[in-house]
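**Student:** Structure, please.
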Amino acid sequence: MIVAKGLEGIIVDNSSICKIDGNAGRLIYRGYDIHDLASSLSFEEVAYLLWNGDLPNHQQLRELNNELVRQRTVPQELKSAIRNLPTSSNALDVLRTAISILGAETPLKKPEMMDAIAISAKIPTINAAFYRIRNGQEPIEPRDDLNHAADYLYMLSGRDPEPVKVEALNKYLILLADHGMNSSTFTARVVASTWADMYSAVVAAICALKGPLHGGAPAPVLKMLQDIGKPERAEEWIRNELKSDRRLMGFGHRVYRTTDPRAEILRGIGEKSAPKDLVELAETVEETGIRILQEYRPQRKLYANVEFYSAVVMHSVGLSPDLFTATFAASRSVGWTANVLEQAANNRLIRPETEYTGPMNRKVVHINAR
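**Tutor:** Below is the predicted model of the structure:
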């Protein structure tokens, strides 16, 4: 039997949510190209699309916005729990704990749309509350006159965010909202297939996001750019990393064999929102990295991935590196919950098998003879 390590190339189910064409470098949500979605829509419109299958009309969008606003506030008990966590905690661990606490108040039931909206509405509030508590500040209540991206930035800083930063974060949230059967989404669907509730599935997805191979690279990318410092140092720094057999963060993708379309869009966003010297440095590192990786690994096609320019964009809107992955979760929660709803609507327990490679026909020997 042929074993597909990591389930690579294995189709495990049908889905109408997301299509990835890794050879052509295309990403499609519900039939819409990601370039079109990110060009002019709000994150709320794309969330509606992923959850419902179609873009909303004015009334549907108004109703969703109202419900998201209503669900943003978190209970005081949850804020108290966040206060009691060590300030040295990883923001993603705090988010996982907070969603678990919210789930403890919810009876076991089949996942519902309202669960999806409530979780996605509360994640920015949770992230911002922990960030401020950790920095010795009081959490700020969400506002009902700001959209999802603007309210997140407001709760972090306490100031009305600049429109260019709101636009940049809005597009980031759209671009990261879903990406097929990635590790965290697959984990959420496995849990949902057991008839677990929505909160349990999302907690499991957050756990899968914790690993540096999935979602954890933007902070190391920013550190890499800071370590390089100047464009003229890029080549020497990258060659030293590869000679030391260290991974070049922000390059390569399991699916794409050409440029990641999300990286292309994020590069353009960064050019508008980030300082010019950071953009120049990032673009030089990208070009140099692609060229040198082609020398070292000519058999592979390695390009900058979404996490490379995610670092630039999130830094440019004022997010601290320790919030990068938790902010990724704020976006991807929409995709996770859309997939959980799809799994629940046509469920079969996900139960793959492994090819056994251990010994056979062994005989038990009494402990005195071992």
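**Student:** Residues contacting stretch 182-191, please?
**Tutor:** 12-13, 178-179, 181, 200-202, 204-209, 211, 213-215, 332, 335-336, 339-340, 343, 350 (Cβ atoms under 8 Å, 6 or more residues apart in numbering). C-beta coordinates here come from the backbone N, C-alpha and C atoms, glycine included.
**Student:** Centre of the chain to it, how far?
**Tutor:** 13 Å (Cα atoms, centre = their mean, to the nearest Å).
**Student:** cool, stretch 23-34 as well?
**Tutor:** 17 Å.
**Student:** Can you pull out the low-pLDDT segments for the stretch 1-150 of the chain?
**Tutor:** Along the stretch 1-150 of the chain, the model assigns pLDDT under 70 to residues 1.
**Student:** just to revisit the earlier point, from the contacts of stretch 182-191, which ones fall inside helices?
**Tutor:** 200-202, 204-209, 332, 335-336, 339-340, 343 (DSSP state H).
**Student:** which parts of stretch 17-33 are buried?
**Tutor:** The neighbour-count check on stretch 17-33 (16 or more other Cβ atoms under 10 Å) flags 17-18, 20, 22, 25, 27-30 as buried.
**Student:** Next, the distance between the ends of that stretch.
**Tutor:** One end of stretch 17-33 sits 12 Å from the other (Cα to Cα, to the nearest Å).
**Student:** what's next to it, contact-wise?
**Tutor:** By Cβ under 8 Å, 6+ apart, stretch 17-33 touches 16, 34, 37, 46, 49-50, 53-55, 177-180, 253, 255-262, 264, 335, 338-339, 342.
**Student:** how about 7 Å then?
**Tutor:** Residues external to stretch 17-33 that are found in contact with it (Cβ atoms under 7 Å, 6 or more residues apart in numbering): 16, 34, 37, 46, 49-50, 53, 178-180, 255-262, 338-339, 342.
**Student:** gap between residue 116 and residue 266?
**Tutor:** 25 Å (Cβ to Cβ, to the nearest Å).
**Student:** More neighbours: those two, which one.
**Tutor:** residue 266 (27 against 22; other Cβ atoms under 10 Å).
**Student:** contacting residues around the more buried one?
**Tutor:** 172, 175, 306, 309-310, 313.
**Student:** Repeat that for residue 210.
**Tutor:** Applying Cβ under 7 Å, 6+ apart, the residues near residue 210 are residue 92.
**Student:** mind running it again at 10 Å?
**Tutor:** Residues near residue 210 by Cβ atoms under 10 Å, 6 or more residues apart in numbering: 90, 92-93, 96, 184, 216, 325, 329.
**Student:** One more: residue 339?
**Tutor:** 13, 15, 17-18, 50, 178, 180-182, 184-186, 188-189, 192, 201, 205.
**Student:** same question, residue 42
**Tutor:** 48, 56, 61, 65, 147-149, 170-171, 173-174.
**Student:** Then residue 2?
**Tutor:** With Cβ under 10 Å, 6+ apart, residue 2 has these contacts: residue 355.
**Student:** Surely it forms part of a helix?
**Tutor:** No: applying DSSP: H, G, I helix; E, B strand; the rest coil, one finds residue 2 to be coil, outside a helix.
**Student:** That one and residue 22, how far apart?
**Tutor:** Residue 2 is 21 Å from residue 22, by Cβ to Cβ.
**Student:** and what of residue 239?
**Tutor:** In this view, residue 239 and residue 22 are 28 Å apart by Cβ to Cβ.
**Student:** now swap in residue 274 and tell me
**Tutor:** From residue 274 to residue 22 the distance is 27 Å (Cβ to Cβ).
**Student:** same deal with residue 286?
**Tutor:** Taking Cβ to Cβ as the measure, residue 286 falls 19 Å from residue 22.
**Student:** Same question for residue 170.
**Tutor:** Counting by Cβ to Cβ, the gap from residue 170 to residue 22 is 26 Å.
**Student:** Helix, strand, or coil at the residue positioned nearest the centre of the chain?
**Tutor:** Centroid-nearest residue in the chain: residue 328, 3.4 Å away (criterion: Cα atoms, centre = their mean). Of the three states, residue 328 takes helix according to three-state DSSP.
**Student:** Need the nearest residue in space to it, chain neighbours excluded.
**Tutor:** Computed as Cβ to Cβ, 6 or more residues apart in numbering, the closest residue to residue 328 that is not its neighbour in sequence is residue 215, at 5.1 Å.
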